[in-house]
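Just to be clear, the model below is a prediction. Sequence and coordinates:
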Amino acid sequence: MNIFSRTFFCTRLALMTKLLSYYLAFALLTPPLLRSAAANQAPAFASLQSCCAAAPHLLCLSNDSASAPYQRQKRYCLQQLIGQGNFAQVFLARDNHSGRQVAIKLNCFQAAAEIEDQANSRSQRMLVQGSKNYASLGQEPNPFIANCIECFCQPNPEAPETIVTIMEFCPCLDLNQLLNQKIARHEVLSEYQAGLILLQVLFSLRHLERHGLVHLDLTLKNILFTADNTVKLADFDFCSYDNGSLQTFCGTPYYLAPEVWERRTLSHKTDMWALGCVLHRLVTLARPFSGLSMEDLAMNILNATYRAPLSLSLPMQEILNQLLTRDPRNRPSARELLRSPMLRFFAASFYNVITNNSAFIDKYLQKQILLELKQYFIEQLAPQQLDFSALSYKETSWGDFFQAQSPGGFTPIKLSLYLDQESHSHKLALYSNSEETSPEHIFDLAEFLTAFTAFGTPPTAAAAAGYYEISLLKESSTKLTFYTSSPALRQQWIAIFTQALAWQWYSPHY
């Protein structure tokens with residue numbers, strides 16, 4: 001046997017030996033694993049039965065031998081287990097009053113109660129408090145949060161508490177599942193798609209900020225898609241009050257902010273770091289920080305200086321660099337980030353999507369979202385040091401503005417913005433010819449919600465040709481669009497329109 005034959009034989013023998021070891025390991029370990037899985041399922045059914053017994057006026061099992069009329073007397077009919085973690089089990093149920101499906105989450109501590117250590121005890125107390133904090137949000141429902149319908153405690157002599165939380169059910173994918181599908185198909189999310197998701201998550205975080213709460217576990221898996229293709233923030237197990245002295249170590253390692261690893265005081269800025277990790281993953285399909293071990297990951301998060309990929313648009317780079325700043329004092333809050341021009345664009349686009357797809361969106365959800373968006377637009381127009389006298393009259397010079405022509409090209413126009421003394425409302429007059437003395441169109445600014453710029457990725461044909469878009473969004477979701485000859489002029493007129501719109505909302509004469 002020559003050297004090549006011996007090498008080939010030894011390689012084959014080593015490969016067969018390794019395969020045999022894998023087979024034996026699988027054969028030996030599979031039965032215990034199956035038994036372990038069965039053991040994990042047993043407490044779920046027991047907890048479900050005890051949950052029904054603890055709240056007989058609310059809950060019943062769908063496989064009860066009781067008659068259908070008896071089941072209809074109960075508020076919720078439990079159907080099946082749809083999720084399970086270390087402390088929590090989530091069941092699908094039917095609301096017998098409305099006929100809608102709901103999710104019922106049981107935070108069960110039986111397994112942890114048998115282990116006498118402080119870490120489990122702290123985890124249990126935090127989960128109990130998190131459920132109570134989440135229940136407090138249910139008093140003011142939000143269209144971007146999987147809202148809590150009701151929450152109650154089930155007494156248990158063998159555990160501190162078992163919390164039963166009944167919440168809104170989102171039947172579609174979570175964001176992690178969506179990205180896995182994209183990766184499998186070798187696709188990526190566009191910045192526009194990622195921006196619409198970012199906007200909705202920011203609305204949910206702004207709602208938490210209003211109530212002084214921090215989520216502390218913002219991940220791809222906790223952002224759920226609804227049947228209406230909107231997103232909702234879920235899983236508030238670690239939700240805590242931002243009291244200025246919050247210190248804890250919880251969450252998903254890849255999304256933990258530097259202050260969590262360093263055991264420093266946490267705040268709503270901690271959620272903004274996690275949002276930055278989510279956004280980076282959306283636009284690149286990769287994690288911003290990784291490591292071979294927990295220690296390696298922590299060192300990378302604490303020592304690396306983040307720089308957004310240069311392949312992204314400049315506004316998106318700026319947002320990511322702000323969110324993934326190590327010092328939480330330099331990160332924007334949700335309310336501050338929503339003031340950025342790019343988010344105003346995404347808000348206007350989202351408003352357009354919601355109003356133009358009325359046939360495919362739940363009417364109640366649509367109404368909630370539109371109210372939230374209109375309130376957002378009004379907040380962007382807060383009258384900070386407005387000089388109302390400067391808005392009495394403003395006219396552009398000929399050639400500063402253009403309208404797009406079909407099939408291509410741009411035609412110069414003249415715009416005149418003035419305050420109509422009779423109606424105390426600002427008017428926008430459009431002249432299509434420099435010699436015209438009467439305008440072709442007159443628009444009342446009271447019909448508009450916001451002024452915004454467009455961010456194209458890749459750049460739009462207009463931007464490539466040296467024209468810069470300004471749009472005014474109407475309540476009817478239609479928009480008035482024209483173009484300026486320079487970025488500086490566009491920003492100047494965005495500010496002018498914003499001040500004029502603020503006049504409509506805040507002037508005592510209007």
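Sure, I can see it.

From residue 425, how far off is residue 348?
To residue 425, residue 348 is 21 Å away according to C-beta to C-beta, to the nearest Å. From N, CA and C alone the C-beta is placed, and that goes for glycine too.

make that residue 92, sorry
52 Å.

ok, now residue 145?
36 Å.

Kindly report the same for residue 448.
Counting by C-beta to C-beta - residue 448 and residue 425 are separated by 11 Å.

Who has more neighbours out of the two?
A direct count of neighbours by other C-beta atoms under 10 Å for residue 448 and residue 425 places residue 448 higher, at 22 against 18.

so what's that one up against?
472-475, 480, 501 (C-beta atoms under 8 Å, 6 or more residues apart in numbering).

got the domain boundaries for the chain?
With domains defined by automatic domain parsing, the chain comprises 39-169, 173-338, 388-506.

Would you mind giving the ones you listed as TSV with distance to residue 354 and mean pLDDT added?
What follows is the domains of the chain, written out as TSV (distance: least, C-beta to C-beta, whole Å; pLDDT from 0 to 100):
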stretch	distance to residue 354	mean pLDDT
domain 39-169	10	68
domain 173-338	8	92
domain 388-506	8	77
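
Pick the most buried one from the ones you listed.
Of the domains of the chain, the one with the most neighbours on average (mean count of other C-beta atoms under 10 Å) is domain 173-338, at a mean of 18.

how long is it end to end?
26 Å (C-alpha to C-alpha, to the nearest Å).

next one: stretch 466-486
Termini of stretch 466-486 sit 7 Å apart (C-alpha to C-alpha).

Other residues contacting it?
By C-beta under 8 Å, 6+ apart, stretch 466-486 touches 348, 351-352, 354-356, 374, 399-404, 410, 413, 415, 428, 443, 445, 447-454, 460, 462-463, 487, 489-490, 493-494, 497.

what does stretch 340-356 give?
192, 195-196, 198-200, 202, 315-316, 318-319, 337-338, 361, 366, 369-370, 373, 376-377, 380, 449-450, 452-455, 471, 473, 476-477, 479, 494.

partners of residue 102 in the sheet?
residue 93, residue 168 (DSSP bridges).

List the residues that contact it.
76, 92-95, 149, 166-169.

Partner strands of the lengthiest strand in the chain, with direction?
In terms of residue count, the longest strand belonging to the chain (DSSP state E) is strand 410-420. Strand pairing for strand 410-420, using DSSP bridges, gives strand 393-395 (antiparallel), strand 401-404 (antiparallel), strand 425-431 (antiparallel).

Moving along the chain from the longest one, name the first helix or strand you hit.
Remark: after strand 425-431, the chain's next helix or strand is strand 441-444, criterion DSSP states H and E.

what about the next helix or strand after that following strand, distance to the chain center?
With elements assigned by DSSP H and E, the helix or strand that comes after strand 441-444 is strand 448-453. Centroid separation for strand 448-453 versus its chain: 22 Å, with C-alpha atoms, centre = their mean, to the nearest Å.

Restrict strand 448-453 to CA atoms and write it as CSV.
Listed in CSV are the C-alpha atoms of strand 448-453, where the atom choice follows Å, rounded to 0.1, in the frame of the first residue of the first chain:
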residue,chain,number,x,y,z
PHE,A,448,-51.7,70.6,5.5
LEU,A,449,-50.2,68.6,8.3
THR,A,450,-46.5,68.8,7.8
ALA,A,451,-43.6,69.8,5.5
PHE,A,452,-40.9,67.3,4.8
THR,A,453,-38.0,66.4,2.5
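
So what are the sheet partners of it and their directions?
Sheet pairing for strand 448-453, using DSSP bridges, gives strand 468-474 (antiparallel).

what helix or strand is the residue nearest the centre of the chain on?
Centroid-nearest residue in the chain, with C-alpha atoms, centre = their mean: residue 201, separated by 2.2 Å. Using DSSP H and E, residue 201 sits within helix 191-210.

what helices or strands is that helix leaning on?
Judged by 3 or more C-beta pairs under 8 Å, 6 or more residues apart in numbering; DSSP states H and E, helix 191-210 is in contact with strand 231-233, helix 268-284, helix 314-323, helix 334-337, helix 341-356.

At which residues are the helices of the stretch 101-250 of the chain located?
With DSSP state H, counting those that start in this stretch as the criterion, the stretch 101-250 of the chain has helices at 110-113, 118-137, 175-184, 191-210.

Out of those helices, which is closest to residue 239?
helix 118-137 (4.5 Å; C-beta to C-beta).

CA atoms only: put stretch 177-188 into PDB for me.
Output of stretch 177-188 as PDB, limited to C-alpha atoms (Å, rounded to 0.1, in the frame of the first residue of the first chain):
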ATOM      1  CA  GLN A 177     -38.400  35.600  11.600                       C
ATOM      2  CA  LEU A 178     -38.900  38.200   8.800                       C
ATOM      3  CA  LEU A 179     -35.100  38.800   8.600                       C
ATOM      4  CA  ASN A 180     -34.400  35.100   8.500                       C
ATOM      5  CA  GLN A 181     -36.700  34.800   5.500                       C
ATOM      6  CA  LYS A 182     -34.900  37.700   3.900                       C
ATOM      7  CA  ILE A 183     -31.500  36.000   4.500                       C
ATOM      8  CA  ALA A 184     -32.700  32.700   3.100                       C
ATOM      9  CA  ARG A 185     -33.900  34.400  -0.100                       C
ATOM     10  CA  HIS A 186     -30.700  36.600  -0.300                       C
ATOM     11  CA  GLU A 187     -32.800  39.700   0.100                       C
ATOM     12  CA  VAL A 188     -32.400  42.900   2.200                       C
END
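
Pull the distance from it to the chain's centre.
18 Å.

do stretch 164-175 as well
Going by C-alpha atoms, centre = their mean, where stretch 164-175 is centred and where its chain is centred differ by 14 Å.

and what of stretch 197-214?
8 Å.

could the domains of the chain go into CSV alongside distance to residue 344?
Listed next are the domains of the chain as CSV, based on distance: least, C-beta to C-beta, whole Å:
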stretch, distance to residue 344
domain 39-169, 17
domain 173-338, 8
domain 388-506, 4
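
if we can go back for a sec, mind checking the strands paired with strand 410-420 for the one nearest to residue 221?
Using C-beta to C-beta and comparing the strands paired with strand 410-420, the one that lies nearest residue 221 is strand 401-404, at 42.6 Å.

Pull the residues that contact that closest one.
With C-beta under 8 Å, 6+ apart, strand 401-404 has contacts from 410-415, 432, 462, 467, 481-485.

Identify, from these, the entry nearest to residue 324.
Closest to residue 324, out of all of the contacts of strand 401-404 and judged by C-beta to C-beta, is residue 462, at 31.5 Å.

where's the closest residue to residue 374 other than its chain neighbours relative to residue 359, distance?
Leaving aside its chain neighbours, residue 374 sits nearest to residue 449 (6.8 Å; criterion: C-beta to C-beta, 6 or more residues apart in numbering). For residue 449, the distance to residue 359 (C-beta to C-beta) stands at 22 Å.

With adjacent residues omitted, what lies nearest to residue 332?
Residue 332's closest residue in space is residue 322 (C-beta to C-beta, 6+ apart), at 5.4 Å.

so what's the one you found up against?
So residue 322 contacts 276, 330-332, 337 (C-beta under 8 Å, 6+ apart).

Apply 10 Å and report the result again.
272, 276, 308, 330-332, 336-337, 340 (C-beta atoms under 10 Å, 6 or more residues apart in numbering).

And residue 264, by the same measure?
Residues in contact with residue 264 (C-beta under 10 Å, 6+ apart) are 246-247, 257-258, 270, 328.

For those, work out which two are farthest apart.
Going by C-beta to C-beta, the pair spanning those furthest: 246 and 258, at 15.3 Å.

I'd say residue 265 and residue 240 touch.
No: in this structure residue 265 lies outside contact range of residue 240 using C-beta atoms under 10 Å: 11.8 Å.

what's the overlap in contacts for those two?
246-247.

Excluding chain neighbours, what is closest to residue 272?
residue 331 (4.8 Å).
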